[in-house]
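Trainee: Please work out how this folds:
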Amino acid sequence: MGEGQPLFKRDSIRFKLLIYFFILISLPIVLLGITGNIIYSKAIEDQANTYTTKMIEQVTHNIEFHIRDMENIIGYLSKEPKVISFLELENNSEFHEDVGRILGIYKDAHPEISGIMIVSESNHYISNEMQRIARDSLSAEAWYRQAIEFPRQTKLFSNPIGRNITTIDDNSTDQVISVVKAVSHPITGKLLGVILIDVKLDIIKKVIESTKLGKTGFVYVMDAAGDIVYAPVNPIVYRLKQEWFLDPENTIMKTVQGSSFQIIYKKSNYTGWKTIGVFSLNETLSEIETLRHYSIFIAIVTLILAAFCAFYFAASIAKPLSKLSSLMKTAEKGDLSVRFLNKTDDEIGQLGQSFNHMIQKISSLIELVYNEQKLKREAEFKALQAQIKPHFLYNTLDTIHWMAEAHGAKDIVRVVAALANLFRVGLSKGKEMISVGEELEHIENYLIIQKTRYEDKLNYEINFDENALSYHVPKLIIQPLVENAIYHGIHAKRGGGKVTITTKVENSKLYFCIIDNGIGMTAEKVQQIRGMLENPNNESTAGGYGTFSVNERIKLTFGSEYGLSYNSIYGEGTTVEFWLPLICG
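Mentor: Residues are numbered from 1 along each chain as shown. As a prediction, the model looks like this:
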């Protein structure tokens, strides 16, 4: 490379754009892959800690909620007059039924309660679900003495082993939590007894088991004495040492059985219990490592896609120019239906719009020339009609008709009347479209005149569908075809001949058929006529201006899909058919 020579000077624009796009796309991907991986790893660790802390707080809140609910029940019972009377009076058997009913109401309203027991200072008790095992005094039990010793506090006992109490539903002590509180007289403040409520451990079990910390993490609860209140089945939980949780709340990392664990715990100020969350650091690090692998894989795939995108972007700039060049070549060959479709408004888009305007202008000019030619042919036809001065002839024939009738010349009257009617329909007050009935009347008048001339040599038959008579067609389209049948078919044949005209509605179109049994045409002649009908420039080669004129009028009026159809067998006759759309007057 020479000094001062620009980079990629001799390379194509597509190659240059490919390199530039690839560099611009690759740089941010690489930078995001490196920095993003570090940020994501830190974010996952923080998210795991935050999530665990929130779960611990939620579990603690739920446990406190249920314990407070039990404390409220004890508070309601402590204020119940019948309960006070039961605890205060020596002979309290008369209140058993009433108090038992009250306890049943609370038990039924709270299915989480295993049983409720009220014990007086005189060692009398009442309960619907719980009873004393031995005659030993219940007031000497440890749970009773602690409640009396701290009358303003609610005492909690997890796994209350060794009590002199049994329950009718056989709930074992490791399936309940005992909530105990002393009852004082509302006026004197004298201690009257203790209320004990056993709460099923299921309420804590459901809360803890609904809490998930990753795939292998778990949450458990430890009471104030360091004993486990509830923990899911896990080989790790019983290997966690009590001295690790001396602070009220903390976050520690410990290795258990060769695996690293993150431990987050919090002490409840209300219950004194600790809620502990444990999750595997190896699992978290494994997720981070997996994320790192995915990041590398995505970066590689993205770079590959970036290469394809860069190639596509480079090609997208050159492709419209190539497409525009191809469209120009197609337009040069005569196909003016092509258009350059581009949604952008850049230089290439503006060039394409200019190309479209040019093609549209050329198409408009061609359409203008076509319409001028069509008007020219219509003018020629009108000029041909005007040459015979139809109004003058009609008035003259009317004069001859009355003169012949005055002299009693009936044959002349009939022929002149037919000719007059012929011109009357031909004039049609200047209308270009007449009904099928009027067109058939016109051709019948024409055939009356020809029958007078040819006598027995010419016969004719007109068949028509009544439904077809009201539809409209261009006037004078059958007479030239019948004239050809007479002069070129029947006239050239020895003996008599017949012309049959049929019109009907079929397949939602008007059908016309003119059949003669004249001399017919050779296959070569038929081919010449068909060539003339398909290519108007060949009209002079086949003769028959009337046939050409009718065919052109039909095509100009209804479109190129309509026109005459010729079939003929030499020596047998000729058939001319054509279809027209249904047009109401």
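Trainee: Every contact and neighbour count from this point should use C-alpha atoms.
Mentor: OK.
Trainee: to the chain's geometric centre, what's the distance from stretch 510-526?
Mentor: Here stretch 510-526 is found 60 Å from its chain centre; the criterion is C-alpha atoms, centre = their mean, to the nearest Å.
Trainee: List the buried residues in it.
Mentor: Residues of stretch 510-526 classed as buried: 510-521, 526 (neighbour count, 16 or more other C-alpha atoms under 10 Å).
Trainee: And the average pLDDT for that stretch is what?
Mentor: Stretch 510-526 shows a mean pLDDT of 92.
Trainee: follow-up on the earlier one: farthest-apart pair in the buried residues of stretch 510-526, please.
Mentor: Greatest spatial distance among those (C-alpha to C-alpha): Leu510 and Ile519, at 27.9 Å.
Trainee: Run a quick neighbour tally on the closest residue to Asp465 other than its chain neighbours.
Mentor: The shortest distance from Asp465 to any non-neighbouring residue, by C-alpha to C-alpha, 6 or more residues apart in numbering, is to Lys504 (4.7 Å). By the measure other C-alpha atoms under 10 Å, the count of residues near Lys504 is 18.
Trainee: Lys504 belongs to a strand?
Mentor: Yes. Under DSSP: H, G, I helix; E, B strand; the rest coil, Lys504 falls within a strand.
Trainee: still on that earlier bit, closest to Asp169 out of the buried residues of stretch 510-526?
Mentor: Scanning those for proximity to Asp169, where the rule is C-alpha to C-alpha, the winner is Leu510, at 99.0 Å.
Trainee: The closest residue to that closest one other than its chain neighbours: what's it in contact with?
Mentor: Once flanking residues are discounted, Leu510 sits nearest to Leu580: 5.0 Å by C-alpha to C-alpha, 6+ apart. Going by C-alpha atoms under 8 Å, 6 or more residues apart in numbering, Leu580 touches 473, 509-511, 558, 562.
Trainee: Closest to Ala225 out of the residues you listed?
Mentor: Nearest to Ala225 among these is Lys509, at 104.7 Å by C-alpha to C-alpha.
Trainee: tell me the pLDDT at the closest residue to that closest one other than its chain neighbours?
Mentor: Distance criterion C-alpha to C-alpha, 6+ apart; nearest residue to Lys509, sequence neighbours excluded, is Pro581 at 5.0 Å. At Pro581, the pLDDT value in this model is 92.
Trainee: Pro581: neighbour count?
Mentor: Neighbours of Pro581 under the rule other C-alpha under 10 Å: 15.
Trainee: how much space between it and Phe311?
Mentor: Here Pro581 is placed at a distance of 57 Å from Phe311 (C-alpha to C-alpha, to the nearest Å).
Trainee: which helices and strands does the strand or helix carrying Glu441 pack with?
Mentor: Taking DSSP states H and E as the definition, Glu441 sits inside helix 436-454. Packed against helix 436-454 by the contact rule (3 or more C-alpha pairs under 8 Å, 6 or more residues apart in numbering; DSSP states H and E) you find helix 410-427, strand 458-464, helix 479-485.
Trainee: how about a cut-off of 7 Å?
Mentor: When contacts are defined as 3 or more C-alpha pairs under 7 Å, 6 or more residues apart in numbering; DSSP states H and E, helix 436-454 sits against helix 410-427.
Trainee: how about the CA coordinates for the helix or strand hosting Leu556, as PDB?
Mentor: In this assignment (DSSP H and E), Leu556 forms part of helix 545-558. In PDB, the C-alpha atoms belonging to helix 545-558 read as follows (Å, rounded to 0.1, in the frame of the first residue of the first chain):
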ATOM      1  CA  TYR A 545     -65.700  -4.900 -45.600                       C
ATOM      2  CA  GLY A 546     -69.100  -5.500 -43.900                       C
ATOM      3  CA  THR A 547     -67.800  -8.500 -42.000                       C
ATOM      4  CA  PHE A 548     -64.700  -6.500 -40.900                       C
ATOM      5  CA  SER A 549     -66.900  -3.500 -39.900                       C
ATOM      6  CA  VAL A 550     -69.300  -5.600 -37.700                       C
ATOM      7  CA  ASN A 551     -66.400  -7.400 -36.000                       C
ATOM      8  CA  GLU A 552     -64.600  -4.100 -35.300                       C
ATOM      9  CA  ARG A 553     -67.700  -2.500 -33.900                       C
ATOM     10  CA  ILE A 554     -68.300  -5.400 -31.600                       C
ATOM     11  CA  LYS A 555     -64.700  -5.300 -30.300                       C
ATOM     12  CA  LEU A 556     -64.600  -1.500 -29.900                       C
ATOM     13  CA  THR A 557     -67.900  -1.500 -28.000                       C
ATOM     14  CA  PHE A 558     -67.500  -4.600 -25.800                       C
END
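Trainee: Which neighbouring elements make contact with whichever helix or strand comes after it?
Mentor: Counting by DSSP H and E, the element after helix 545-558 in chain order, helix or strand, is strand 565-569. Here strand 565-569 touches strand 573-581, going by 3+ C-alpha pairs under 7 Å, 6+ apart.
Trainee: May I have the strands that pair with the strand it packs on, each with its orientation?
Mentor: Paired with strand 573-581 in the same sheet, following DSSP bridges, are strand 509-516 (antiparallel), strand 565-569 (antiparallel).
Trainee: So what touches the first one?
Mentor: By that I understand strand 509-516. Outside strand 509-516, the residues that touch it by C-alpha atoms under 7 Å, 6 or more residues apart in numbering are 485, 489, 498-505, 573-582.
Trainee: now swap in stretch 565-574 and tell me
Mentor: Residues outside stretch 565-574 that contact it (C-alpha under 7 Å, 6+ apart): 515-522, 526, 575-578.
Trainee: Name the member of these with the shortest distance to Tyr20.
Mentor: Closest to Tyr20, out of all of these and judged by C-alpha to C-alpha, is Phe578, at 68.1 Å.
Trainee: surely that closest one meets Ile554?
Mentor: No. The pair Phe578 / Ile554 is not scored as a contact, 9.3 Å apart, by C-alpha atoms under 7 Å.
Trainee: joint contacts of those two?
Mentor: Common neighbours of Phe578 and Ile554, counting by C-alpha under 7 Å, 6+ apart, are Gly563.
Trainee: These two - which one has more neighbours?
Mentor: Ile554 (21 against 17).
Trainee: so who does that one touch?
Mentor: By C-alpha under 7 Å, 6+ apart, the residues touching Ile554 are 562-563.
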